[in-house]
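[1] next come a sequence and a model predicted from it.
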Amino acid sequence: MKILKFDILYPEFYLKEVQNQELELIRNMDLSAYIEWLYQQNMGYGDVISRGFISEGWEVLDFYNQDSVYFEKIKKKSRIKVSFFDIFFRKKRRDFFRFSLQELLGFFFSKKTKNLILNEVFIIRFIKYYNPDIIFLREPCGVRNVVFEYLKEKHFVVSLIGCNIPGLKKWQMDNSNLIFTLFPEYVKYFEANGIDSYLFEYGNFQLSEEKLEKVYDVTFVGVLGTTVQKQKTIVMDKVAHFFDFKWWGVMGNLMNDFPVLKKSWQGHAAGTKMFDIYKSSKIVLNDYPFNAKGGASNIRIKEVLSSGSLLLTRYSKDLDLLIEKKALVTFENEEQCLELIDYYLKNEIEREQIAQNGLELSKEFFDSQKIMKRVNTIILEKYNQRK
């Protein structure tokens, strides 16, 4: 079984930082060695999914569309060259058919449009070159969904939606043969529209058992200062006014409205660096964007539980099991959040016991290997049914 998996490495600022730190090393890597290097950065859940496929004996190739270093290596491996002048050659012209006349004309006037066209034509030709049995899209994967419109007849296209649909640009559900989603409501919706769909839950992260000194009082890693993240931003701003709060991540365009919060920003972090921050924190905060509609489905919950530090997050009914097991602490408003931070900073033994409960429960109930085994079984079953 061959799987071509489209994924994204986020945030790009952090990716550039770690690449620059080991630039000479990665320049000399071939494609497979470079992908393994990316796995070791633990940037998101993509490496866990890929390793889950590999554990079944499947051949997996990750495709990182936004990474220029990756793109140079994939071009070298495939020896595929794309030129707009291919449009004048009959055998290659069909790869340009799905672009609108406006887009084709824009090739000559917009660098962005030019890069978009050449990039998507390369992807189409690479899929023909690699000829995978399964195309796996971890959305948002950095590629316009329209690219896969005509591919699901020859290849089995599987989508994993890791965000709300409004966050996907020009995404069409009927471009997939099978959809995994974090939201129960979406499963019902896709099934009602004739597309096989299953619920997916992020699993825990297999981190080293090494304990780090708790040098940070309260931390957060993620996006703040955007309209979508405004509720979260307001909470973090309140915390920054009263506690030694530090955060890493992407600043949105509203950040100037929160000068104290902006001052507590420490730079970009993801992957290994992020997990070290979590391990070094007494309390790690979490909240949800407004379009989550009160659902606690973000990956940060599993990341923090895996780190062995106390997670303080906004309440959601999705968390009742974790609350019952005393694996985390929840708040319902800003004032309660501040009170709980103050309490758990002063009560170390209780705080660390809850953090340990979270780590142990994470291993017991959210084993990523078991989760991926279920995903593999579903994909294989649906793939065979279609054959």
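    The structure has been received and is ready for your questions. Residues are numbered from 1 along each chain as shown.

[2] what about Glu185, how many residues nearby?
    10 (other CB atoms under 10 Å). The C-beta positions use only the backbone N, C-alpha and C, and glycine is treated the same way.

[3] how much space separates Cys163 from Ile124?
    25 Å (CB to CB, to the nearest Å).

[4] kindly report the same for Leu182.
    Counting by CB to CB - Leu182 and Ile124 are separated by 29 Å.

[5] Lys112 now?
    In terms of CB to CB, Lys112 sits 19 Å off from Ile124.

[6] between the two, who's got more neighbours?
    With neighbours defined as other CB under 10 Å, Lys112 and Ile124 compare such that Ile124 has more, 19 against 8.

[7] state the helix or strand in which that one lies.
    According to DSSP states H and E, Ile124 maps onto helix 111-130.

[8] what's the average pLDDT for that helix?
    Regarding helix 111-130, the rounded mean pLDDT is 91.

[9] for the helix or strand following it, buried residues please.
    On the C-terminal side of helix 111-130, the closest following helix or strand by DSSP H and E is strand 134-139. For strand 134-139, burial by neighbour count (16 or more other CB atoms under 10 Å) applies to 134-139.

[10] TSV for the residues you listed, including distance to Ile354 and pLDDT?
    Shown next, in TSV, are the buried residues of strand 134-139 (distance: CB to CB, whole Å; pLDDT from 0 to 100):
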residue	distance to Ile354	pLDDT
Ile134	41	97
Ile135	42	97
Phe136	36	97
Leu137	37	96
Arg138	31	94
Glu139	34	91
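
[11] let me have these in CSV, adding distance to Asp174 as columns.
    Shown next, in CSV, are those (distance: CB to CB, whole Å):
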residue, distance to Asp174
Ile134, 18
Ile135, 15
Phe136, 17
Leu137, 14
Arg138, 19
Glu139, 14
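
[12] and the two most separated of those?
    Farthest pair in those (CB to CB) is Ile134 and Glu139. Separation: 15.2 Å.

[13] which stretches in the stretch 101-250 of the chain count as strands?
    134-139, 156-161, 178-181, 196-199, 216-221, 245-248 (DSSP state E, counting those that start in this stretch).

[14] so for His268, which of the ones you listed sits nearest?
    Comparing the strands of the stretch 101-250 of the chain under CB to CB, the one sitting nearest is strand 245-248, at 6.2 Å.

[15] quick one: mean pLDDT for that closest one?
    Mean predicted confidence for strand 245-248 is 98.

[16] which elements pack onto that strand?
    strand 216-221, helix 230-242, helix 271-279 (3 or more CB pairs under 8 Å, 6 or more residues apart in numbering; DSSP states H and E).

[17] turn those into JSON lines, including mean neighbour count and distance to Ile195.
    Below are those laid out as JSON lines (neighbours: other CB atoms under 10 Å; distance: least, CB to CB, whole Å):
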{"stretch": "strand 216-221", "mean neighbour count": "22", "distance to Ile195": "34"}
{"stretch": "helix 230-242", "mean neighbour count": "20", "distance to Ile195": "32"}
{"stretch": "helix 271-279", "mean neighbour count": "20", "distance to Ile195": "32"}
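
[18] mean pLDDT and distance to Leu261 for those - can I get that in a markdown table?
    A markdown table is the format used below for the helices and strands packed on strand 245-248 (pLDDT from 0 to 100; distance: least, CB to CB, whole Å):
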| stretch | mean pLDDT | distance to Leu261 |
| --- | --- | --- |
| strand 216-221 | 98 | 10 |
| helix 230-242 | 96 | 4 |
| helix 271-279 | 95 | 17 |
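
[19] to Phe63, which of the ones you listed lies closest?
    The nearest among those, by CB to CB, is helix 271-279 at 18.8 Å.

[20] report the inter-axis angle for that closest one versus strand 216-221.
    140 degrees (axes from the mean of the first three to the mean of the last three CA atoms, to 10 degrees).
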